[in-house]
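*Asks:* output the structure for:
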Amino acid sequence: MRKVVLTELLSLDGVAEDPNKFFFDWDEVVDAKGAAVIATQDAVILGRRSYDEWSEFWPGSDIEPFATFINGVAKYVATSTPLDRKWANTTLVDGELVEFVRDLRNQPGADIGVHASISVAQALLAAGVVDELRLVIAPTIAGSGRRLLDGLPAIRLESIRSTTSPTGYLLVDYRVIG
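*Replies:* Alright, predicted model coming up:
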């Protein structure tokens with residue numbers, strides 16, 4: 001069975017919204033972490049807001065290796081309305097998101113990534129279909145903004161690995177214990 005891997009950029013106080021407001025000093029360890037995560041994925045689940053923002057930015061970006069990855073990977077978008085902008089390899093999620101992801105997990109393939117989409121991440125975590133969390137935590141308190149873990153039920157996690165980057169980012173990976 002494929003794994004669903006949730007990757008999020010967070011502030012120290014758990015804010016996931018607009019990480020460009022609190023991610024300042026990328027370093028080689030953070031870059032390598034991102035490259036390692038996407039190297040295991042052949043599908044991505046996005047929410048509508050992330051799709052709209054990313055489909056405007058990433059097709060013209062030269063930020064590698066993520067630009068090549070996200071422009072070429074199969075993207076599944078959770079939305080109830082038609083998409084305004086076309087982006088290669090994009091499919092609308094037909095029906096209920098959690099059931100769609102459960103079905104996708106049972107198909108052959110590599111890991112399924114969930115990136116940036118807070119509502120999608122929360123829905124999948126609450127439903128118990130996320131296998132691993134890969135978090136990059138900035139050494140910054142954002143103070144306000146949507147937090148990734150707000151409103152979720154209790155979820156038990158097992159630490160897989162953790163490290164601190166040279167510029168102080170915490171890179172922590174957890175397995176969801178079912």
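*Asks:* which parts of the strand or helix carrying E158 are buried?
*Replies:* In the assignment (DSSP states H and E), E158 maps to strand 157-164. By neighbour count on 16 or more other CB atoms under 10 Å, the buried set for strand 157-164 is empty. In this view, the C-beta of every residue, glycine as well, is placed from N, C-alpha and C.
*Asks:* can you list contacts of it?
*Replies:* 29, 132-133, 170-177 (CB atoms under 8 Å, 6 or more residues apart in numbering).
*Asks:* kindly report the same for stretch 29-46.
*Replies:* 4-5, 7, 54, 65-66, 69-70, 73-78, 93, 97, 101, 104, 109-117, 120, 124, 134, 136, 163, 165-167, 169, 171.
*Asks:* gap between the spatially most central residue of the chain and G143?
*Replies:* The centre of the chain sits closest to H115, judged by CA atoms, centre = their mean, with a distance of 1.8 Å. Between H115 and G143 the computed distance is 24 Å (CB to CB, to the nearest Å).
*Asks:* so who does the closest residue to V101 other than its chain neighbours touch?
*Replies:* Leaving out its chain neighbours, the residue that sits closest to V101 by CB to CB, 6 or more residues apart in numbering is V129, at 5.1 Å. By CB under 8 Å, 6+ apart, V129 lies in contact with 4, 98, 101-102, 105.
*Asks:* among those residues, which ones are buried?
*Replies:* 4, 101-102, 105.
*Asks:* what's around S80, how many residues?
*Replies:* 7 (other CB atoms under 10 Å).
*Asks:* which of the three states applies to it?
*Replies:* coil (DSSP: H, G, I helix; E, B strand; the rest coil).
*Asks:* retrieve the pLDDT associated with it.
*Replies:* Note for S80: predicted pLDDT of 89.
*Asks:* now it: how far from R48?
*Replies:* 8 Å.
*Asks:* and E28, how many neighbours?
*Replies:* 10.
*Asks:* quick one, what contacts the closest residue to it other than its chain neighbours?
*Replies:* Leaving aside its chain neighbours, E28 sits nearest to P166 (7.6 Å; criterion: CB to CB, 6+ apart). If you count contacts by CB under 8 Å, 6+ apart, P166 has them with 27-29.
*Asks:* how close does P166 get to V176?
*Replies:* For P166, the distance to V176 - CB to CB - is 29 Å.
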